[in-house]
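3D, please:
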Amino acid sequence: MAVAIALAACAPIARALTPAQLGVVINTADPLSAALGEYYVQRRHIPAANVSRVSFDARRDDMPTEEFRALKARVDAQLPAGVQAYALTWTQPYRVGCMSITSAFAFGFDPRHCASGCAPTRVSAYFDSASAAPYADLQFRPAMSIAAGTVDQGRRLIDRGVRSDGSLPRGSAYLVRSGDRDRDVRRAGYADAVMVAAGRVRAQLVDGPALRSRDDVMFYFIGAAQVPDLASNRFLPGAVGDHLTSAGGMLGDSPQMSSLRWLEAGATGSYGTVVEPCNIAAKFPDPAVLMAHYLSGETLLESYWKSVAMPGQGIFIGEPLAAPYRRAAAAAATRG
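Okay, the predicted model is just below:
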């Protein structure tokens, strides 16, 4: 990423995704999805026409590709053309063959977004883009899963996202150099992230296996198979965090740390890969790009998606419309 591009992206933006542009997909056969979906629709005032209710077996990690294609066709047919992105309201299934469920909903099932072994995949045209309407501009709808282990955890996640809007938190961005040779590949870009953060949030380079007892976490990036002491830190509403490792996106059965642990610790968004990506940095969020878009006022869904050049194997989880740096929201709250 060119630093100049990232810095330019920190300028205030005129538009970001709104509830009227978000389609919410609810699996009525999954009690967790049904409860979180209805709660999210109410909390975010999602138009009734933007809600797709479908039914499928949630007791599995992987959805067969043909079943997925039929499901996506139903969802696309139910939702208005003005919908620009999807919120999926379940934790399982999180994968469609070699793709994550969020990338499969975005691109359709497409083997070009998969890889056999340590190979690159197709690059997303949405990466670090200026688009505020991805379906209108690029003919695809990025997706994020409102994932949780329980209804209570999911509702707290949604509430954090709503509470973050326009809060303009001053917190810190923690860029951790874990010393894990295989997973520390993003450290080469940390200097760019420090430049993006300047004047907006405090950026700290940290050497060690993890953070402990920090009370102002807004961004937390690390490369590690396991991240100890997550619960000792306080994440601000709207905070994001992820750990570059092979199996973080295997939400329910990961041999490493599941990305769900970030949300359970208080983060509002995270990311992980659902099949072996190898340590190709382009398959993981670029901290500087993510921070640049988020600090400019874009939503969590937009910022996370725009930070991954090759997102086919990765799942995006969190509260999609969280926008802590959206100035319009802050102004509206002040007037109210």
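
what score does Ser116 have for pLDDT?
At Ser116, the model reports a pLDDT of 79.

cool, Arg234 as well?
98.

what about it, how many residues nearby?
Applying other Cβ atoms under 10 Å, we find 14 residues neighbouring Arg234. Where you see a C-beta, it was placed from the backbone N, CA and C, and this is true even at glycine.

from here on, call the first residue 794.
Noted, 794 is the first residue going forward, which turns the last one into Arg1027.

check the secondary structure at the nearest residue to it once chain neighbours are set aside for me.
Distances taken as Cβ to Cβ, 6 or more residues apart in numbering put Asp1008 closest to Arg1027, at 4.5 Å, once the chain neighbours are dropped. Reducing the assignment at Asp1008 to three states with DSSP: H, G, I helix; E, B strand; the rest coil gives coil.

these two touch, right, Asp1008 and Ser1025?
No - between Asp1008 and Ser1025 there is no contact, the gap being 9.8 Å when judged by Cβ atoms under 8 Å.

quick revisit: count the neighbours of the residue nearest to Arg1027 for me.
Once other Cβ under 10 Å is used to define contacts, Asp1008 is seen to have 11 neighbours.

again, but for the one 10 residues further on
One way to gauge burial is a neighbour count; for Ala1018, by other Cβ under 10 Å, it gives 18.

hmm, it is touching Asp975, no?
No - counting by Cβ under 8 Å, Ala1018 sits too far from Asp975 to count as a contact (9.0 Å).

separation between the residue nearest to Arg1027 and Val847?
Spatial separation of Asp1008 from Val847 under the definition Cβ to Cβ, to the nearest Å is 41 Å.

swap in Ser1063?
Distance of Ser1063 to Val847, given as Cβ to Cβ: 25 Å.

can you give me the strands for the stretch 894-1043 of the chain?
Ranges of strands in the stretch 894-1043 of the chain, per DSSP state E, counting those that start in this stretch, are 936-938, 965-970, 995-1000, 1010-1015, 1028-1036.

so what's the model's average confidence on stretch 1002-1010?
Mean per-residue pLDDT for stretch 1002-1010: 97.

can you pull the buried residues of that stretch?
Pro1002, Ala1003, Leu1004, Arg1007, Asp1009, Val1010 (16 or more other Cβ atoms under 10 Å).

count of neighbours near Leu968?
A total of 24 residues lie near Leu968 under the criterion other Cβ under 10 Å.

for it, name its beta-bridge partners.
Leu968 has these beta-bridge partners by DSSP bridges: Leu998, Phe1014.

re the thing from before, more neighbours: which of Ser1063 and Val847?
Just comparing Ser1063 and Val847: by other Cβ under 10 Å the higher neighbour count belongs to Ser1063, 27 against 16.

surely the more buried one and Ser1052 touch.
Yes - with contacts counted by Cβ under 8 Å, Ser1063 reaches Ser1052, the gap being 4.4 Å.
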